[in-house]
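Need a 3D model of the following:
(one chain, ligands or ions: 1)
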Amino acid sequence: MIDTKYLHLILAINKHGSLNKASKELNLTQSALSHQLKNLESLLGVELFYREKNQLLFTEAGKELRDRSEKIVEDLERLRLRMLEIREDQLKQYIHGYSKEEAKRLNDQATSVSEFLHYDSIWDNGSKILEVGCGVGAQTEIIARKNSGCQIVSIDIAEESIMQAKEKIQSQGIENVEFVIADVRTLAHEKGEVYDHIFICFLLEHLANPLEILQALKKILKPGGTITVIEGDHGSTFFYPDNKYARRAVRSQVEVQEKRGGNANIGREIYPLLDKAGFKNIEVSPRQIYVDAAKPKLVEGFIKNTFTAMIKGVMGEIVKEGIMTKSEIEQGISGLLRTAERDGVFSYTFFKGRAVK
Ligand SMILES: C[S@@+](CC[C@H](N)C(=O)[O-])C[C@H]1O[C@@H](n2cnc3c(N)ncnc32)[C@H](O)[C@@H]1O
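Here you go, the predicted model:
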């Protein structure tokens, strides 16, 4: 195999015509560069250069390698840029986006419903846990604190979110989490059955192929390893007083998410998905968040800062898709906020599934 680093050496020498200048561009000493060229010649079994009047010239083999290197390096660069483009498209697919408001919403959501979702998020000491789609680390902080004897690897596709998550976890002095930028659709950094537990929260709802993802994740779980999946289900939303625009706004969020390949009603599918993916001993428990004026923390944290904030966040998309007009969606948002008043009631159900490989 010819390492691509050699192609860059050849091209730098071609550009500068001397080892001295080429080594500067490559950030190498001249002797390190000479050494690498000798390695390459011995690897290929041909001479690539000869010297004439103090000049370094390409042999016929060297010329062929130089010409092909140029094409290969250009092709690799095009490939890299194309991958960047695909990655950006994938990021745009994610309906909630990566604004400051969304980061705040994720943290408010995790904090406000933490006791409902996580009273039983406890795994054996010494477990190696993979958290998939960690976002800004809102759930990470909770599970890391509850499982201080476990090692957690948290991944997300978005670099910006990973940076924020890292900062949050470091500032809290939490030391059992490692962050990796990765796409769950490729899991390129994973090899073998390495995890005791996999934790997923609010991610499957955004993926076009949740079943394939669960099947792929199962492969990197140790035999007998477990998985936890937490997802919402917008179809479970009800509230008082009724407001037809608020109801339409919730349905519209489901519709735009569906257009992006996701499923905002996926909570009800956790059992069938885990079952089809081949997991055993599946247990799904609905976690109803029922809010009335007697629960002021949930009124603020859940009705206003989590659920209504989520609809506000996709308002622009709903209007752009022509699903509701701006005035209709604004009335919908007012209707949702109205449920946060003294006589209002709001209910939403999350689903938490646990299963064994
Ligand atoms: C709704 S957020 C949930 C974040 C976190 N689990 C929480 O509950 O606060 C979904 C996260 O999934 C990430 N995500 C979306 N598609 C992904 C993919 N293909 N691979 C890894 N992460 C992905 C997004 O970048 C986003 O941070």
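
what about residue 327, helix or strand, and which?
helix 326-338 (DSSP states H and E).

Tell me the gap between that helix and the middle of its chain.
Chain-centre distance of helix 326-338: 31 Å, with C-alpha atoms, centre = their mean, to the nearest Å.

immediately after that helix, which helix or strand?
Following helix 326-338 toward the C-terminus (DSSP H and E): strand 345-356.

what's the angle from that following strand to helix 326-338?
With axes from the mean of the first three to the mean of the last three C-alpha atoms, to 10 degrees defining the directions, strand 345-356 sits at 80 degrees from helix 326-338.

Name every strand pairing with strand 345-356 and say which way it goes.
Looking at strand 345-356 with DSSP bridges, its partner strands are strand 221-231 (antiparallel), strand 238-240 (antiparallel), strand 280-292 (antiparallel).

From the contact counts, what lies against the least confident helix or strand in the chain by mean pLDDT?
When each helix and strand of the chain is scored by mean pLDDT, DSSP states H and E, helix 60-93 comes last, with a mean of 86. Here helix 60-93 touches helix 4-16, going by 3 or more C-beta pairs under 8 Å, 6 or more residues apart in numbering; DSSP states H and E. Just so you know, the C-beta spots here come from the backbone N, C-alpha and C atoms, and that holds for glycine as well.

Let me know the average pLDDT across the helix it packs on.
Taken as a whole, helix 4-16 carries a mean pLDDT of 92.

so how far is whichever helix or strand comes after it from its chain's centroid?
Moving toward the C-terminus from helix 4-16, the next helix or strand (DSSP H and E) is helix 19-25. Distance, stretch centre to chain centre, for helix 19-25: 40 Å (C-alpha atoms, centre = their mean).

Off-centre distance for whatever helix or strand comes next after helix 19-25?
Remark: after helix 19-25, the chain's next helix or strand is helix 30-44, criterion DSSP H and E. From the chain centre to the centre of helix 30-44 is a distance of 41 Å (C-alpha atoms, centre = their mean).

what about dumping the CA coordinates of helix 30-44 to PDB?
Taking C-alpha atoms only, helix 30-44 is exported to PDB below (Å, rounded to 0.1, in the frame of the first residue of the first chain):
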ATOM      1  CA  GLN A  30      15.400  17.800   5.200                       C
ATOM      2  CA  SER A  31      16.900  14.600   6.600                       C
ATOM      3  CA  ALA A  32      13.500  13.300   7.600                       C
ATOM      4  CA  LEU A  33      12.200  14.000   4.100                       C
ATOM      5  CA  SER A  34      15.200  12.200   2.500                       C
ATOM      6  CA  HIS A  35      14.600   9.300   4.800                       C
ATOM      7  CA  GLN A  36      10.900   9.100   3.800                       C
ATOM      8  CA  LEU A  37      11.800   9.200   0.100                       C
ATOM      9  CA  LYS A  38      14.300   6.300   0.600                       C
ATOM     10  CA  ASN A  39      11.500   4.400   2.400                       C
ATOM     11  CA  LEU A  40       9.200   5.000  -0.500                       C
ATOM     12  CA  GLU A  41      11.800   3.900  -3.100                       C
ATOM     13  CA  SER A  42      12.500   0.700  -1.200                       C
ATOM     14  CA  LEU A  43       8.800   0.000  -0.700                       C
ATOM     15  CA  LEU A  44       8.200   0.300  -4.500                       C
END
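
how about it: buried residues?
33, 36-37, 40-41 (16 or more other C-beta atoms under 10 Å).

just stretch 308-318 next, same as before
By 16+ other C-beta under 10 Å, the buried positions in stretch 308-318 come out as 308-315, 317-318.
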